[in-house]
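Chemist: heads up, no residue letters with this:
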């Protein structure tokens with residue numbers, strides 16, 4: 001149990017002078033690290049934070065073991081599917097059959113260099129081409145380039161906010177309702193009925209790193225990566241659920257969806273960090289699908305003479321991947337009934353949030369989504385709303401100025417259309433089991449890109465200076481309009497508590513490492529002040545980092561009541 005131990009004490013430390021602060025706390029319960037320069041701790045690998053200056057690592061570090069009481073005890077047989085890299089040369093009949101399929105689809109150019117390849121290159125190209133259905137590729141390309149026209153009466157009457165029956169807000173819900181959702185969510189977690197799916201296919205290219213974005217260090221004093229922060233939130237919520245039920249340790253399996261470029265590095269990062277205290281058998285790393293890149297004239301492009309140019313199929317590829325990668329099968333074996341899915345780049349995400357799980361489960365919906373309130377009428381965010389009577393996401397560019405600026409008639413000064421999409425969703429397992437019946441109906445969208453490819457005539461690789469083709473992708477919210485309104489719900493949450501995306505390079509000033517760090521540190525400051533502590537010092541505005549292992553959402557901080565904390569500081573546990 002967190003906070004239980006002997007009476008030995010560890011003093012708070014003044015970050016500027018090293019002087020003791022008012023009050024002491026049990027050493028096994030927490031500590032505030034000295035955040036002023038000293039030799040960098042040996043356990044922080046340089047590779048984790050490639051884009052940060054070295055002085056950010058130069059903080060004193062005190063190693064205190066994590067309490068065994070928050071380690072999950074239950075595990076399952078290893079669930080990560082083995083990847084088969086063994087390739088054999090195709091028979092003449094199989095090769096002829098595949099060539100005929102591509103020729104009928106008008107895509108025979110993919111075999112242009114086949115005869116000049118080595119045996120291993122031929123096998124690799126054959127295996128790659130065999131995974132695609134060229135007729136289907138032609139079909140989805142045509143649909144994406146020529147989407148069906150939607151009738152428009154010119155009155156824009158098809159857009160409305162979700163009805164009150166389908167939404168709720170943390171900002172104005174009764175405390176009794178929020179507590180009820182929280183308790184129900186914790187109960188479901190304690191019964192091992194909740195799983196988490198993380199969409200982590202992106203690289204940190206904009207952040208100056210080729211590593212998976214989840215490996216990124218946003219500059220917190222602890223230097224925890226996004227993956228570690230989220231893993232520790234899972235561990236904490238498992239502990240809280242088990243504590244409430246008084247039963248065996250709870251398990252929230254973590255399904256991490258990667259892409260081709262990020263799968264290997266993600267697996268290595270998890271292994272190097274011992275899965276951040278989670279059982280390896282409860283972490284399932286899988287890979288989303290890819291689709292061929294298409295030229296402007298509709299031809300499948302070759303990256304090299306022996307490889308098709310491909311790109312991940314978008315975050316909407318999650319649905320197909322859940323089936324193909326046997327994630328749904330594993331969830332079924334575990335008895336999972338409720339799934340929380342989110343994106344890796346949100347440092348404030350409440351992983352397996354019991355309030356969200358309880359809210360969604362109590363409404364018996366197939367899908368629910370979290371939103372934050374739109375800052376102003378011009379903020380460039382997609383909106384969750386009703387479109388022609390169905391739940392949907394409408395991009396800001398699709399809404400005219402008058403609609404964007406319209407006010408809620410019941411709340412003067414509040415936007416009528418304000419539910420900003422943050423890609424944070426709930427799914428019932430029973431709904432995800434039906435993926436095979438509707439996944440093929442989801443639309444594909446095009447992104448015009450500069451795609452390096454092999455010139456079929458010369459065999460040379462061309463690096464275009466302007467877009468020469470398209471990448472096809474699906475969006476995770478494309479499924480929303482398929483639902484009846486009574487099977488969809490929306491929960492508005494506080495932006496400052498739950499949404500701080502990492503999109504841009506350091507120094508941008510918006511959605512960058514500094515804003516992510518600032519939002520976590522400010523959240524910690526709010527928590528400790530709400531618990532009765534006083535935050536002081538010249539750097540008080542820098543805030544306090546509260547370890548997820550100490551507090552999931554601001555709970556459990558009673559022991560710091562009446563203390564004075566010199567910021568910046570880190571609140572850790574034993």
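Modeler: That came through, no problem. All of these numbers come straight from a predicted model, not from anything done at the bench. Numbering: from 1, shown residues only.
Chemist: Quick one: residues contacting the residue nearest the centre of the chain.
Modeler: Closest to where the C-alpha atoms of the chain average out (Cα atoms, centre = their mean) is residue 343, at 1.6 Å. Applying Cβ atoms under 8 Å, 6 or more residues apart in numbering to residue 343 gives the contacts 198-200, 315, 349, 423-424, 501. In short, each C-beta sits where N, CA and C put it, glycine included.
Chemist: How about residue 519?
Modeler: With Cβ under 8 Å, 6+ apart, residue 519 has these contacts: 347-348, 496, 500.
Chemist: If we use 6 Å, what do you get?
Modeler: Contact analysis of residue 519 by Cβ atoms under 6 Å, 6 or more residues apart in numbering lists 348, 500.
Chemist: Assign it to helix, strand or coil.
Modeler: Secondary structure state of residue 519, per DSSP: H, G, I helix; E, B strand; the rest coil, is helix.
Chemist: pLDDT score assigned to it?
Modeler: As predicted, residue 519 sits at a pLDDT of 97.
Chemist: what's the spacing between it and residue 499?
Modeler: The gap separating residue 519 from residue 499 is 9 Å, by Cβ to Cβ, to the nearest Å.
Chemist: Can you pull the residues that touch both of the two?
Modeler: With Cβ under 6 Å, 6+ apart as the test, residue 519 and residue 499 both reach residue 348.
Chemist: part of a strand, is residue 284?
Modeler: Yes. The assignment for residue 284 by three-state DSSP puts it in a strand.
Chemist: That one contacts residue 254, correct?
Modeler: No. Residue 284 is beyond contact range of residue 254, at 7.1 Å (criterion: Cβ atoms under 6 Å).
Chemist: can you count the residues close to residue 97?
Modeler: For residue 97, the count of nearby residues is 12 (other Cβ atoms under 10 Å).
Chemist: and it, that one's in a helix?
Modeler: Yes. Counting by three-state DSSP, residue 97 is part of a helix.
Chemist: per-residue confidence at it?
Modeler: At residue 97, pLDDT is 97.
Chemist: Residue 87 now?
Modeler: 66.
Chemist: re the thing from before, what's opposite the residue nearest to the centre of the chain in the beta bridge?
Modeler: residue 199 (DSSP bridges).
Chemist: For it, give its distance to residue 448.
Modeler: For residue 343 relative to residue 448 (Cβ to Cβ), the value is 23 Å.
Chemist: Same check on residue 224?
Modeler: In terms of Cβ to Cβ, residue 224 sits 38 Å off from residue 448.
Chemist: With neighbour numbers in mind, choose between these two.
Modeler: residue 224 (24 against 12).
Chemist: on that earlier part again, among the contacts of residue 343, find me the one that's closest to residue 133.
Modeler: Nearest to residue 133 among the contacts of residue 343: residue 315, at 22.1 Å, using Cβ to Cβ.
Chemist: Next up, the contacts around that closest one.
Modeler: By Cβ under 6 Å, 6+ apart, the contact set of residue 315 is 199, 476.
Chemist: Let me know the pLDDT of it.
Modeler: As predicted, residue 315 sits at a pLDDT of 94.
Chemist: same deal with residue 309?
Modeler: pLDDT, residue 309: 97.
Chemist: Quick check: which element contains residue 340?
Modeler: strand 338-343 (DSSP states H and E).
Chemist: So which elements touch the helix or strand following that strand?
Modeler: Counting by DSSP H and E, the next helix or strand C-terminal to strand 338-343 is helix 354-363. For helix 354-363, the elements it packs on are helix 175-190, strand 488-493, judged by 3 or more Cβ pairs under 6 Å, 6 or more residues apart in numbering; DSSP states H and E.
Chemist: what's the following helix or strand after helix 354-363?
Modeler: Counting by DSSP H and E, what follows helix 354-363 is strand 367-373.
Chemist: Residues contacting that next one, please?
Modeler: Contacts of strand 367-373 (Cβ under 6 Å, 6+ apart): 360, 384, 418-420, 422, 424-427, 488-493, 495, 499.
Chemist: pLDDT below threshold where in the stretch 51-200 of the chain?
Modeler: 51-87, 150-157 (pLDDT under 70).
Chemist: Am I right that residue 311 is in a helix?
Modeler: No. Secondary structure of residue 311 (three-state DSSP): strand, not part of a helix.
Chemist: Verify the stated contact: residue 524 with residue 546.
Modeler: Yes. The criterion here is Cβ under 6 Å, and residue 524 meets it with residue 546 at 3.9 Å.
Chemist: Which positions in stretch 344-356 come out as buried?
Modeler: Across stretch 344-356, burial judged by 16 or more other Cβ atoms under 10 Å covers 344-356.
Chemist: tell me which of these is nearest to residue 439?
Modeler: Looking across those and measuring by Cβ to Cβ, the closest to residue 439 is residue 344, at 22.6 Å.
Chemist: May I have the residues that are in contact with the closest one?
Modeler: 198, 200, 213-214, 226.
Chemist: Can you give me the neighbour number for residue 226?
Modeler: 24.
Chemist: what's the closest non-adjacent residue to it?
Modeler: residue 214 (4.8 Å; Cβ to Cβ, 6 or more residues apart in numbering).
Chemist: Surely the one you found and residue 200 touch.
Modeler: Yes. Between residue 214 and residue 200 there is a contact at 4.8 Å, judged by Cβ under 6 Å.
Chemist: what's the neighbour count on residue 308?
Modeler: Neighbours of residue 308 (other Cβ under 10 Å): 21.
Chemist: Local confidence estimate at the residue nearest to residue 226?
Modeler: 97.
Chemist: List phi and psi for it.
Modeler: Here is the backbone geometry of residue 214 (degrees, to the nearest 10): phi -70, psi -20.
Chemist: excluding its backbone neighbours, what's nearest residue 117?
Modeler: Closest residue to residue 117 apart from its sequence neighbours, by Cβ to Cβ, 6+ apart: residue 306 at 5.1 Å.
Chemist: what's the burial count for the one you found?
Modeler: Other residues near residue 306 number 20, with proximity taken as other Cβ under 10 Å.
Chemist: That one and residue 107, how far apart?
Modeler: In terms of Cβ to Cβ, residue 306 sits 16 Å off from residue 107.
Chemist: Same question for residue 484.
Modeler: 39 Å.
Chemist: For these two, indicate the residue with more neighbours.
Modeler: residue 107 (22 against 11).
Chemist: from memory the more buried one sits against residue 133, does it?
Modeler: No. Between residue 107 and residue 133 there is no contact under Cβ under 6 Å: 10.6 Å.
Chemist: show me what contacts residue 218?
Modeler: Residues near residue 218 by Cβ under 6 Å, 6+ apart: 513, 516-517.
Chemist: Neighbour-wise, give me the winner out of the residues you listed.
Modeler: The most crowded member of the contacts of residue 218, judged by other Cβ under 10 Å, is residue 513 (26 neighbours).
Chemist: Once you drop chain neighbours, what's closest to that one?
Modeler: Once flanking residues are discounted, residue 513 sits nearest to residue 218: 4.6 Å by Cβ to Cβ, 6+ apart.
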